[in-house]
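Got a predicted structure here, sequence first:
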Amino acid sequence: MKLRIVVLGAGFGGLELSTILSERIGDRIDLTLIDKNDSFYFGFSKLDLMFGRKPAEALKISYTNIVKTGVKFRQETITAIDPLTRRVTTQNGIYDADILVVALGADYNIDATPGLAEAGHEFYSFSGAERIGEILPFFKKGHAIIGVTATPFKCPPAPSEAALLLHEYLTRRGVRSQCKISLVLPFTLPIPPSLGTSKALLKAFAERDINYIPENMVASIDPDHKVAILDDGTELPFDVFLGIPEHCVPKVVSESGMTVNDWIPVDKKSLKTRYSNVYAIGDVTSVGVPKAGMFAEGAARVAAETIIAELDESEYSLPYDGKGTCYVEFGQDKVGRADVDFFSGPYATGVFFEASEAISAEKEHFESYRRKRWF
Ligand SMILES: Cc1cc2nc3c(=O)[nH]c(=O)nc-3n(C[C@H](O)[C@H](O)[C@H](O)COP(=O)(O)OP(=O)(O)OC[C@H]3O[C@@H](n4cnc5c(N)ncnc54)[C@H](O)[C@@H]3O)c2cc1C
């Protein structure tokens, strides 16, 4: 009898885990990978979309390209998860698992910020970024705000990258001098665990005349007057608002009863949940690292190794290290890198590598390597 593994979500975490299990024990498993979408796209492709750097079709990678021993992909929407019986219901049927892995990522609650849906935009979903790509060509003068509305949020450097790339985009179009850019972030430093990255970003903001507003979030938007109201009561009139919406687990996860304080708690060592033979990896968990693809991958590796070790009746002894690399786009084809470590010491640390074309090429390789490995 083959081990029945059901993996929910074919994002960074689900794809990496399925790939490892196929490579290592493909002949001993019957793995079903389920996602509601027909294709995968990298989180950072939303920046390409909003600034018109690449068309949507070039950014999507079809799941039909997945051909892996022991793995079958199903494009279905998951409607219920029972973690006690490991039974998953989709709009098409029922899947019973010996081992269940929840990798459903983080969703967005746009309505949590009053006025955002009416008068603002968000660039964290594919469709939101696509919409911004359509309206930005008409933005020629006025005030653009990039603002975080709640924590935690995916890829902490992404709002800073959006501000720097917006500067580059407006400069290229010859309208930058007529536009003001403000960036509202909840932290004192743009990237708290990495002083080097934060210093480089603050310097880049100053050089580009980007108005950095730290230790604040956007609490609401007044749609009639196009004003963003910050946590401290400051009112910022805007012409374009590009928001980072409140994050939450997908509805099917909150309805499953698996969450505690909004996210799924897991054992750091194994990525096991409190339910027998049920794992959770990536953005859907509260494991204590930022919500980013690199960390979802690291979690996938530990969960996969634990599953393999248990199948072989041995023990996996390398716990999740909470380390990851974040690429940070500075514009002009230059990318910086922060290697961050969340678990080794008493507090998170990060080492910064200055933005360069060489790291930009490294980021391209990061993408092409995964395209090849996962599909
Ligand atoms: C603008 C932006 C830039 C980013 N840049 C970076 C970066 O440079 N580096 C980096 O490491 N990370 C980056 N990220 C973050 C990264 O994309 C996420 O952290 C990562 O994708 C999380 O992986 P995951 O496997 O946990 O979830 P996801 O990759 O989000 O996958 C979850 C999957 O579950 C599926 N799903 C959800 N609900 C259901 C359902 N009910 N039924 C079926 N399927 C469902 C979804 O369709 C999705 O495919 C960025 C994110 C954004 C928004």
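Looks like it arrived, so ask away.

ok, for the residue in the stretch 101-250 of the chain that the ligand sits nearest to, nearest residue in space, not its chain neighbours?
Residue nearest to the ligand within the stretch 101-250 of the chain (Cβ to the nearest ligand atom): Gly105, separated by 2.6 Å. C-beta: built from backbone N, CA, C; applies to glycine. Leaving aside its sequence neighbours, Gly105 sits nearest to Asp283 (Cβ to Cβ, 6 or more residues apart in numbering; 4.6 Å).

Touching, that neighbour and Cys155? I think so.
No - proximity of Asp283 to Cys155 does not meet the contact threshold set by Cβ atoms under 8 Å, at 9.8 Å.

Contact residues of this protein facing the ligand?
Counting by Cβ under 6 Å from any ligand atom, the residues of the chain lying close to the ligand are 9-14, 34-37, 43-44, 46-47, 77-78, 103-105, 124, 154-155, 158, 250, 252, 282-284, 291-294, 296, 327.

Would you mind writing the CA trace of the helix or strand harbouring Ser18 as PDB?
Secondary structure from DSSP states H and E places Ser18 in helix 12-25. Taking Å, rounded to 0.1, in the frame of the first residue of the first chain, the C-alpha atoms of helix 12-25 are listed here in PDB:
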ATOM      1  CA  PHE A  12       6.200  27.900  -2.600                       C
ATOM      2  CA  GLY A  13       5.700  25.400   0.200                       C
ATOM      3  CA  GLY A  14       3.400  22.900  -1.500                       C
ATOM      4  CA  LEU A  15       5.600  22.700  -4.600                       C
ATOM      5  CA  GLU A  16       8.900  22.300  -2.800                       C
ATOM      6  CA  LEU A  17       7.500  19.600  -0.500                       C
ATOM      7  CA  SER A  18       5.900  17.700  -3.300                       C
ATOM      8  CA  THR A  19       9.100  17.900  -5.300                       C
ATOM      9  CA  ILE A  20      11.300  16.600  -2.500                       C
ATOM     10  CA  LEU A  21       8.900  13.700  -1.700                       C
ATOM     11  CA  SER A  22       8.700  12.700  -5.400                       C
ATOM     12  CA  GLU A  23      12.500  12.800  -5.800                       C
ATOM     13  CA  ARG A  24      13.200  10.800  -2.600                       C
ATOM     14  CA  ILE A  25      10.200   8.400  -2.200                       C
END
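
follow-up on the earlier one: any idea how far the residue nearest to Gly105 is from Asn65?
Asp283 sits 23 Å away from Asn65 when distances are taken as Cβ to Cβ, to the nearest Å.

same thing with Asp96?
Distance, Asp96 to Asn65, by Cβ to Cβ: 27 Å.

Likewise for Val227?
46 Å.

Where does the stretch 151-300 of the chain get nearest to the ligand, residue-wise?
When distances are taken as Cβ to the nearest ligand atom, the stretch 151-300 of the chain reaches nearest to the ligand at Gly282, 2.2 Å away.

burial measure for that residue, as a count.
By the criterion of other Cβ atoms under 10 Å, Gly282 has 32 neighbours.

tell me, what's touching Asp283 and Cys155 both at once?
Residues touching both Asp283 and Cys155 (Cβ atoms under 8 Å, 6 or more residues apart in numbering) are Lys291.

Cool, thanks, talk later.
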